[in-house]
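Asks: following is a predicted model, sequence given first.
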Amino acid sequence: MPSSIQVTCALILQDQKVLCAQRSGNMALPWKWEFPGGKIEKGETPEQCLLREIKEELNLDIEIVMAFPVNKHDYGNGKVVELIPFLAKLRGGDLILKEHTQILWKGVEELRSLDWAEADIPIVEGFVTWFLDRFQA
Ligand SMILES: Nc1nc2c([nH]c(=O)n2[C@@H]2O[C@H](COP(=O)(O)OP(=O)(O)OP(=O)(O)O)[C@@H](O)[C@H]2O)c(=O)[nH]1
């Protein structure tokens with residue numbers, strides 16, 4: 001397996017909805033849906049990376065609530081992504097889309113209907129299961 005890149009992403013939960021972001025046509029994985037975030041830079045913790053990326057990509061300030069299990073995915077084109085998801089809450093900032101085509105706030109039970117980047121699919125599944133166990137028991 002080629003060496004992997006470590007990428008953090010945020011599942012920003014507000015009023016039982018999650019912020020989903022669609023990649024633009026000129027990015028890798030064009031038009032796929034993902035959770036906002038990005039690559040960890042040298043010397044950064046995953047949490048520091050995520051706060052920086054969310055500010056850079058969306059102009060939003062978040063607070064990290066907890067970590068979810070990491071998913072390592074081989075895209076088969078030499079790119080292996082270790083996706084490190086966190087549950088987060090919005091703290092402030094006015095949304096400005098700097099990289100993505102659009103964002104949507106999706107109800108938890110509708111999350112599966114989007115065309116997700118492959119690495120995100122197990123994260124979506126794990127999150128929906130976790131949320132329903134916790135809040136709809
Ligand atoms: N931010 C983010 N990236 C994801 C997710 N799922 C997933 O496979 N990725 C991949 O992880 C990498 C994240 O890098 P990045 O957000 O810094 O994106 P980038 O455009 O600079 O990457 P690139 O230079 O490979 O195109 C991309 O290759 C992206 O395709 C996700 O949910 N969020």
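Replies: Perfect, I can see it now.
Asks: in the longest helix seen in the chain, what counts as buried?
Replies: Scanning the chain for the longest helix, with DSSP state H as the assignment, gives helix 121-135. For helix 121-135, the neighbour count (16 or more other CB atoms under 10 Å) marks Pro122, Ile123, Val124, Phe127, Val128, Trp130, Phe131 as buried. For glycine as for every other residue, the C-beta is placed from the backbone atoms N, C-alpha and C.
Asks: closest to Leu104 out of those?
Replies: Set against Leu104, the nearest of the buried residues of helix 121-135 by CB to CB is Val124 (13.5 Å).
Asks: dump the residue contacts of Phe68.
Replies: Residues in contact with Phe68 (CB atoms under 8 Å, 6 or more residues apart in numbering) are Leu11, Pro85, Phe86, Leu87, Ile123, Gly126, Phe127, Trp130.
Asks: next one: it from the ligand, what distance?
Replies: Distance of Phe68 to the ligand, computed by CB to the nearest ligand atom, to the nearest Å: 12 Å.
Asks: so Pro46 touches Ala10, yeah?
Replies: No - with contacts counted by CB atoms under 8 Å, Pro46 stays clear of Ala10, the gap being 10.8 Å.
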